[in-house]
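Asks: Give the three-dimensional model of this entry:
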Amino acid sequence: MGVQNLYQVARWFYIKKFPMIPRMIYYIQYFLFNCHVPYKASIGEGTKFAYGGIGVVIHDRAIIGKNTIIGTNVTIGGRSGSYGVPEIGDNVYIATGAVIIGPVKIGNNSIIGANSVVISNVEMNEVVAGVPAKHIKYNI
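Replies: Numbering: from 1, shown residues only. From the prediction side, this is the model:
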């Protein structure tokens, strides 16, 4: 049972308003995989975490679309002085070590390169990489 399965079970109990069970599942997930994938975050079906989601940190209010692949040590979170958090579209590939912070929108079918720092919006089908992330090409 991986992070995505534990998340789905915890999210189901959270939506059904069982307050203690999701929290217990979260701590089991944290202990086993050393990651923060909160049951309050909205993560679409089919999303996968590479290597069990080791080191992944996701903000409680983050929105992640369907069929997204999230590598190890990825951070998806807020930014100081800003209430907004990332919204990630469907079929996005987020490579190992990427950091996506602030009120950014990542378009469908995009690719975020390894160890990139995304602080601005990414268009649909766009490939970005670097610190800060810059346009590389369009994935058509």
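Asks: could you pull out the strands for the protein?
Replies: Secondary structure of the chain (DSSP state E): strands located at 42-43, 48-49, 57-58, 63-64, 69-70, 75-77, 87-88, 93-94, 99-101, 105-106, 111-112, 117-118, 126-129, 134-138.
Asks: List the strands paired with the second one, with their directions.
Replies: When you say that, I think you mean strand 48-49. strand 69-70 (parallel) (DSSP bridges).
Asks: and the closest residue to residue 39 other than its chain neighbours, how many neighbours?
Replies: Residue nearest to residue 39 in three dimensions, not counting chain neighbours: residue 10, with 3.8 Å by CB to CB, 6 or more residues apart in numbering. Any C-beta I mention is one placed from the backbone N, CA and C, and that applies to glycine too. The tally of other residues near residue 10 (other CB atoms under 10 Å) stands at 23.
Asks: Would you check how far apart residue 10 and residue 119 are?
Replies: Noted for residue 10: a distance of 30 Å to residue 119, by CB to CB, to the nearest Å.
Asks: what does residue 53 give?
Replies: Going from residue 53 to residue 119 by CB to CB gives 23 Å.
Asks: for residue 36, same thing?
Replies: 20 Å.
Asks: In terms of packing, which of these two has more residues around it?
Replies: Ranked by neighbour count (other CB under 10 Å), residue 36 and residue 119 place residue 36 first, with 19 against 15.
Asks: Quick check: beta-bridge partners of the more buried one?
Replies: residue 57.
Asks: Please tell me how far it sits from residue 126.
Replies: If you go by CB to CB, the gap between residue 36 and residue 126 works out to 27 Å.
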